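Q: only geometry, no sequence info:
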């Protein structure tokens, strides 16, 4: 591996303060650092009076997943997506499901290395349709993700961002310029939740959602992890889903996923499946056309139905497509209603396979 992929990578979203600190301007945390200090994300640091990315070209691992696992249900269904992340995160979620990577301060977590061009080439060779920046939040390794996306576009691959959307205006414009799809965590719909359980704020997330929907061509889906007693009330779900329809439109798919005890919330019980079904119904009652349940086995809640006549258009059993009833135009064969999507004429057949990739076995 060329040394340029193992050393600190220069960045541009920062400025110098009058007191001598260097402020990182990638996300609303606005970390103010002196030489030798790291931001809360762990991976952006101050060196030689500038902010650098310390994880460019380094990953916690590469894997080929079903695209539905991101989750994206209306973006090239059934296809494999080449997935990777780094270490660190710019939120401090007490319920983090990937805490071993996103909360890690150990660079030993980054066991594999690859240039953007190598990622694109290997993903293409493995038959993937897209590459996903996931497992931890790609906004903190923005420069690496953008370079990978550029290399992917050169070989005809799409790019997928799996993110919490906690990013400032200028880097947001550049980052999503190179993304083709995004699943954004709308973790809750109260400032109390965001501050208490993530250390962040709600409004920047809402700003990102509206920007993606109205200022870009990025395909957008949302995920909310429902935590008992924290963000699962009828009132909050009602307010959230109404906001989505009014501000993003009825065609943005929403995924309601089950919480399982993790990280600093081991004493909180798992989400009952009935809570997910209730959330899905509230969403649909408020006009969300495509609402799904996740992290539980629920064929009815995992499948896509025609918003006009109710016909099952795409059947899903976990990550396996069991039915495909769309016509070549992506419409319901019974009533002709269009299904909002980024589909091709035929779905993929990757299924539920998960294939770890060791990049070191592939030539540079």
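A: Yes, it's here. On a predicted model such as this, the values are computed, not experimentally measured, just so you know.
Q: buried residues, stretch 162-181. List them.
A: Buried residues in stretch 162-181, defined by neighbour count with 16 or more other CB atoms under 10 Å: 162-168, 171-172, 175-176, 178-181. All C-beta spots, glycine's among them, are computed from the backbone N, C-alpha and C.
Q: check stretch 112-132 too.
A: Across stretch 112-132, burial judged by 16+ other CB under 10 Å covers 112-124, 128-132.
Q: where do the strands sit along the stretch 151-300 of the chain?
A: Using DSSP state E, counting those that start in this stretch, the strands of the stretch 151-300 of the chain run over 158-163, 181-185, 219-226, 254-258, 291-294.
Q: other SSEs contacting the shortest one?
A: When contacts are defined as 3 or more CB pairs under 8 Å, 6 or more residues apart in numbering; DSSP states H and E, strand 291-294 packs onto strand 254-258, helix 273-285, helix 299-302.
Q: any idea of the pLDDT on the residue nearest in space to the middle of the chain?
A: The chain has residue 162 as the residue nearest its centroid, 1.2 Å off, counting by CA atoms, centre = their mean. As summarised for this prediction, residue 162 has a pLDDT of 98.
Q: then residue 329?
A: Per-residue confidence (pLDDT) for residue 329: 87.
Q: mind putting the helices and strands packed on strand 291-294 into TSV with distance to residue 223?
A: Output for the helices and strands packed on strand 291-294, formatted as TSV (distance: least, CB to CB, whole Å):
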stretch	distance to residue 223
strand 254-258	4
helix 273-285	12
helix 299-302	13
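Q: just name the most buried of the ones you listed.
A: Burial of the helices and strands packed on strand 291-294 is given as mean neighbour count (mean count of other CB atoms under 10 Å); strand 254-258 ranks first at a mean of 24.
Q: now that strand against helix 273-285, angle please.
A: Taking axes from the mean of the first three to the mean of the last three CA atoms, to 10 degrees, one finds that strand 254-258 is oriented at 170 degrees with respect to helix 273-285.
Q: looking at strand 254-258 now, give me its mean pLDDT.
A: Rounded to a whole number, the mean pLDDT of strand 254-258 is 97.
Q: and the angle for it with strand 181-185?
A: Taking the same axes, to 10 degrees, strand 254-258 and strand 181-185 form an angle of 50 degrees between their directions.
Q: 6 is where my numbering starts, stick with that
A: Got it, the first residue is 6 from now on, which makes the last one we talked about strand 259-263.
Q: if we can go back for a sec, winner for burial among the strands of the stretch 156-305 of the chain?
A: Using mean count of other CB under 10 Å, the stretch among the strands of the stretch 156-305 of the chain with the largest mean neighbour count is strand 163-168, at a mean of 26.
Q: spit out the contact partners of residue 135.
A: When contacts are counted by CB atoms under 8 Å, 6 or more residues apart in numbering, residue 135 touches 72, 80-81, 84, 86-87, 157, 162-165, 185-186.
Q: got any ranges where the stretch 106-255 of the chain has weak pLDDT?
A: Across the stretch 106-255 of the chain, residues meeting the criterion (pLDDT under 70) sit at 106-116.
Q: residue boundaries of the strands in the stretch 6-155 of the chain?
A: 14-15, 19-21, 27-29, 37-38, 49-52, 55-58, 63-64, 66-71, 85-90, 117-118, 135-138.
Q: let me have those strands in JSON lines, extended by distance to residue 232.
A: JSON lines is the format used below for the strands of the stretch 6-155 of the chain (distance: least, CB to CB, whole Å):
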{"stretch": "strand 14-15", "distance to residue 232": "35"}
{"stretch": "strand 19-21", "distance to residue 232": "34"}
{"stretch": "strand 27-29", "distance to residue 232": "29"}
{"stretch": "strand 37-38", "distance to residue 232": "31"}
{"stretch": "strand 49-52", "distance to residue 232": "28"}
{"stretch": "strand 55-58", "distance to residue 232": "31"}
{"stretch": "strand 63-64", "distance to residue 232": "29"}
{"stretch": "strand 66-71", "distance to residue 232": "24"}
{"stretch": "strand 85-90", "distance to residue 232": "22"}
{"stretch": "strand 117-118", "distance to residue 232": "32"}
{"stretch": "strand 135-138", "distance to residue 232": "24"}
